[in-house]
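**Student:** Whatever this is, show me its structure:
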Amino acid sequence: MTQRISYVPFDTLNESMQTELRRCAEHGTPRPESSAVRAHSERSFWFFAESWQRIFREGVVDHALKELCRVYISRTVTCEFCGNQRSEQAVTAGGLQDMQYDDLLNFEASDAYTDEQKAALRYAQAIAWGPSSVDQDRMWSQMEAYFTEEQMVELGCFIGLTFGQQSWIRLLGIDHHQYLAGSSGGMAPAFEDAEALALSKSSQDYWAAR
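**Tutor:** All right, here's what the predicted structure looks like:
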């Protein structure tokens with residue numbers, strides 16, 4: 001894809017924005033390219049960075065569960081930029097296995113997920129694809145069994161945020177290792193550098209090609 005909105009040059013940004021972009025390069029999710037596009041609008045840049053911190057990295061819902069929902073959204077809207085990232089926080093804390101990412105679009109038939117995870121993924125599915133995409137009575141009864149109303153709200157706001165951002169990002173024509181290149185922080189296995197990314201994306205087993 002042709003890149004549609006440019007990256008703001010790093011040396012034109014103020015110190016606080018540069019610090020956040022370095023964090024993106026070192027730790028990812030988000031990686032620096034999407035943040036370097038948002039940097040055209042400083043309000044938008046900080047709206048996303050601060051919201052992401054409060055309801056993705058922090059909050060009352062298990063972080064690994066939110067990471068599953070984030071990658072589910074990337075798979076269901078085919079946002080390759082977001083789908084090729086992993087949360088370092090979720091990986092470090094453990095609890096998520098690689099095969100759990102692979103089965104996300106087939107989560108209902110998969111044995112890779114707990115009932116709690118499936119409840120959250122149905123919630124993500126309903127937000128992305130509308131109420132008719134799920135059995136609502138079943139979904140809400142299971143949400144009530146596993147989550148408080150505070151957790152339902154946080155998870156819903158998080159899924160809504162990542163769904164909107166990923167639906168936009170897939171239009172931009174951006175890719176990894178193009179801005180502050182040289183780090184692999186937050187990249188999925190086999191996407192750690194530009195060469196590995198190109199090789200993985202050319203494979204017939206590449207998730208977006210399937």
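**Student:** ok, the residue lying closest to Ile174 once chain neighbours are set aside - contacts?
**Tutor:** In space, and not counting its chain neighbours, Ile174 is closest to Glu33: 4.7 Å by C-beta to C-beta, 6 or more residues apart in numbering. C-beta coordinates here come from the backbone N, C-alpha and C atoms, glycine included. For Glu33, the contacting residues are 7, 81, 174-176, 178-179, by C-beta atoms under 8 Å, 6 or more residues apart in numbering.
**Student:** out of the residues you listed, which is most surrounded?
**Tutor:** For the contacts of Glu33, the largest number of neighbours (other C-beta atoms under 10 Å) sits with His176, at 25 neighbours.
**Student:** Could you name the specific helix or strand carrying that residue?
**Tutor:** Following DSSP states H and E, there is no helix or strand that holds His176.
**Student:** what's the pLDDT at it?
**Tutor:** At His176, the pLDDT value in this model is 98.
**Student:** still on that earlier bit, out of the contacts of Glu33, who's nearest Ser133?
**Tutor:** Checking the contacts of Glu33 against Ser133 with C-beta to C-beta, the nearest one is Phe81 at 24.1 Å.
**Student:** before we move on, the earlier item: check the gap between the residue nearest to Ile174 and Val71 for me.
**Tutor:** To Val71, Glu33 is 18 Å away according to C-beta to C-beta, to the nearest Å.
**Student:** Same question for Gly164.
**Tutor:** Going from Gly164 to Val71 by C-beta to C-beta gives 16 Å.
**Student:** Tell me which of those two has more neighbours.
**Tutor:** Shown here are Gly164 and Val71; by other C-beta under 10 Å, Val71 has more neighbours (26 against 11).
**Student:** Mind checking what secondary structure Leu171 has?
**Tutor:** Reduced to three states with DSSP: H, G, I helix; E, B strand; the rest coil, the structure at Leu171 is coil.
**Student:** hang on, the earlier thing: return the member of the contacts of Glu33 nearest to Glu26.
**Tutor:** Ranked by distance to Glu26 (C-beta to C-beta), the contacts of Glu33 are led by Tyr179 at 13.0 Å.
**Student:** Quick check: that closest one vs Arg31, distance?
**Tutor:** Separation of Tyr179 from Arg31 (C-beta to C-beta): 8 Å.
**Student:** what residues do the two have in common as contacts?
**Tutor:** Ala25.
**Student:** Quick check: next helix or strand after the helix or strand bottoming out on mean pLDDT in the chain?
**Tutor:** In the chain, the helix or strand scored least confidently by mean pLDDT, DSSP states H and E is helix 98-102, which has a mean of 78. Downstream of helix 98-102, the next assigned helix or strand under DSSP H and E is helix 115-129.
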